[in-house]
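1. Using only what follows, build the 3D model:
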Amino acid sequence: MSEKTANKSVPAISVVLATKGTKSMLLEKCIKSLQKQTFEKFEIVLVYSIYPKRLKGLFEACNIITLKENSSTLGAARNLGVKHAKGDLVAFIDDDCEAPENWLRRIYLTFQQYPSLSCLGGPHLTPPEECTNSPLKFAQGSFNESFMQRIFIDRSAVGKIAGCNVAYRKEVFDKIGCLDEALKSGEDWELHIRLAENGYHMRFEPNIFVWHHRQGLKHTFWDSSRMVPFYLSLKTLKYAKYESKFSRFYIANFLCLLLFITLFISLFVFSLLLSFSLLGYFIFTMVRARAPLAILVTLASLMGFYFGLFKYVASKLYH
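-> A predicted model of the protein is given here:
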């Protein structure tokens, strides 16, 4: 085989798809959306914890590379996928997402347009039919998607780019290091902070999006509980001045702390401040996200964080 012919078989993009293997129906939709891509020069590297036997035929038909990873963290699974990736570009997508048919083509062309680009991400939007059929999923989508809009205090793409829709030049992982496998959540943002600190070119592109099937308040609660080590990091706190998503988290928790303190001072003052806070946030969500049910998403997120914080502190004291 000539060198020219051999090079044609090398993928330009490696799509790393990490899954626990328990959401086979959503995983099937994700893979079928990748089958429909207008860009053909790519491979799929599937990293799983539990092998979804029902999809074995689909894996074989798509020539998917399958790898088993026993770690409990998403970072470890994605690192294994990156290690086996052959493409110069590595794209991540989650098993509960679907990619529009031009997703990979837009990623490839954007990297071609910006030779200095190291990290490229875009929105993860709730499918329109789910927004229509479920007010709560619409609220979850609006809650997450509102952070992707341009806000005055945002000065980087770190908080906008999520691991379910992101692509990197593979060489970045050799230079800056892999995802932090100790983090159970937030490992993508931790990597992006490292990229930003070292002067790498990052870009958030609104036209490069995926459809994200929201998993409900239970998922919001547990995901938030796993974010504790990330938000307790001094590096994240320092970076909050550049990112509205991070700064809002710290502001919300500071207000919660003040409310908790007033509870011991005056029940009347506590009730008054709580009422004004909820009313103010209700108005904010109506204007910003057009979904007052986003209050439930916020509460689930805050409760999840404090539950995770309690577990984290207890584990440290125990050890």
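2. the strands in the protein, which residues?
-> The residue ranges that make up the strands of the chain, judged by DSSP state E, are 13-19, 42-48, 65-68, 89-94, 97-98, 117-121, 124-125, 165-169, 201-204, 210-212.
3. TSV for those, including mean pLDDT, distance to residue 249 and mean neighbour count?
-> C-beta: built from backbone N, CA, C; applies to glycine. What follows is the strands of the chain, written out as TSV (pLDDT from 0 to 100; distance: least, C-beta to C-beta, whole Å; neighbours: other C-beta atoms under 10 Å):
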stretch	mean pLDDT	distance to residue 249	mean neighbour count
strand 13-19	97	25	25
strand 42-48	97	29	23
strand 65-68	95	34	16
strand 89-94	98	21	24
strand 97-98	96	23	22
strand 117-121	96	19	23
strand 124-125	91	18	22
strand 165-169	97	20	26
strand 201-204	93	19	18
strand 210-212	95	20	23
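4. Endpoint to endpoint, stretch 191-205 covers what distance?
-> Here the two ends of stretch 191-205 are set 18 Å apart, with distance taken as C-alpha to C-alpha, to the nearest Å.
5. Relative to the whole chain's centre, how far out is that stretch?
-> What separates the centre of stretch 191-205 from the centre of its chain is 15 Å, taken as C-alpha atoms, centre = their mean, to the nearest Å.
6. now stretch 241-261
-> Using C-alpha atoms, centre = their mean, the distance between the centre of stretch 241-261 and that of its chain works out at 20 Å.
7. which parts of it are buried?
-> Taking 16 or more other C-beta atoms under 10 Å as the basis for neighbour counts, the residues of stretch 241-261 that come out buried are 242-249, 252.
8. and it, average pLDDT?
-> The predicted model gives stretch 241-261 an average pLDDT of 86.
9. Tell me where the stretch 101-250 of the chain has helices.
-> With helices called from DSSP state H, counting those that start in this stretch, the stretch 101-250 of the chain shows them at 103-113, 128-133, 135-145, 171-176, 187-197, 217-225, 228-231, 234-239, 244-265.
10. Could I get the ones you listed in JSON lines, plus columns for distance to residue 20?
-> Compiled in JSON lines, those are given as follows (distance: least, C-beta to C-beta, whole Å):
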{"stretch": "helix 103-113", "distance to residue 20": "23"}
{"stretch": "helix 128-133", "distance to residue 20": "21"}
{"stretch": "helix 135-145", "distance to residue 20": "20"}
{"stretch": "helix 171-176", "distance to residue 20": "23"}
{"stretch": "helix 187-197", "distance to residue 20": "16"}
{"stretch": "helix 217-225", "distance to residue 20": "13"}
{"stretch": "helix 228-231", "distance to residue 20": "20"}
{"stretch": "helix 234-239", "distance to residue 20": "26"}
{"stretch": "helix 244-265", "distance to residue 20": "26"}
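11. Those helices: which one's closest to residue 299?
-> helix 217-225 (8.7 Å; C-beta to C-beta).
12. now for the closest one, which elements pack on it?
-> Taking 3 or more C-beta pairs under 8 Å, 6 or more residues apart in numbering; DSSP states H and E as contact, the helices and strands that helix 217-225 lies on are helix 135-145, helix 294-318.
13. which outside residues touch stretch 58-71?
-> 18, 28, 31-32, 34-35, 43-49, 51, 76-77, 80-81, 84, 181 (C-beta atoms under 8 Å, 6 or more residues apart in numbering).
14. actually stretch 297-309, sorry about that
-> When contacts are defined by C-beta under 8 Å, 6+ apart, stretch 297-309 is touched by residues 139-140, 143, 217, 220-228, 231, 252-253, 256, 281.
15. would you put the C-alpha positions of stretch 263-273 in CSV?
-> Only the C-alpha atoms of stretch 263-273 are listed here, as CSV (Å, rounded to 0.1, in the frame of the first residue of the first chain):
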residue,chain,number,x,y,z
LEU,A,263,-32.1,32.3,60.6
PHE,A,264,-30.3,32.4,64.0
ILE,A,265,-30.8,36.2,64.3
SER,A,266,-34.4,36.7,63.4
LEU,A,267,-37.0,34.4,61.9
PHE,A,268,-38.9,37.4,60.6
VAL,A,269,-35.8,38.8,58.8
PHE,A,270,-35.0,35.3,57.4
SER,A,271,-38.5,34.9,56.0
LEU,A,272,-38.4,38.4,54.5
LEU,A,273,-35.1,37.9,52.8
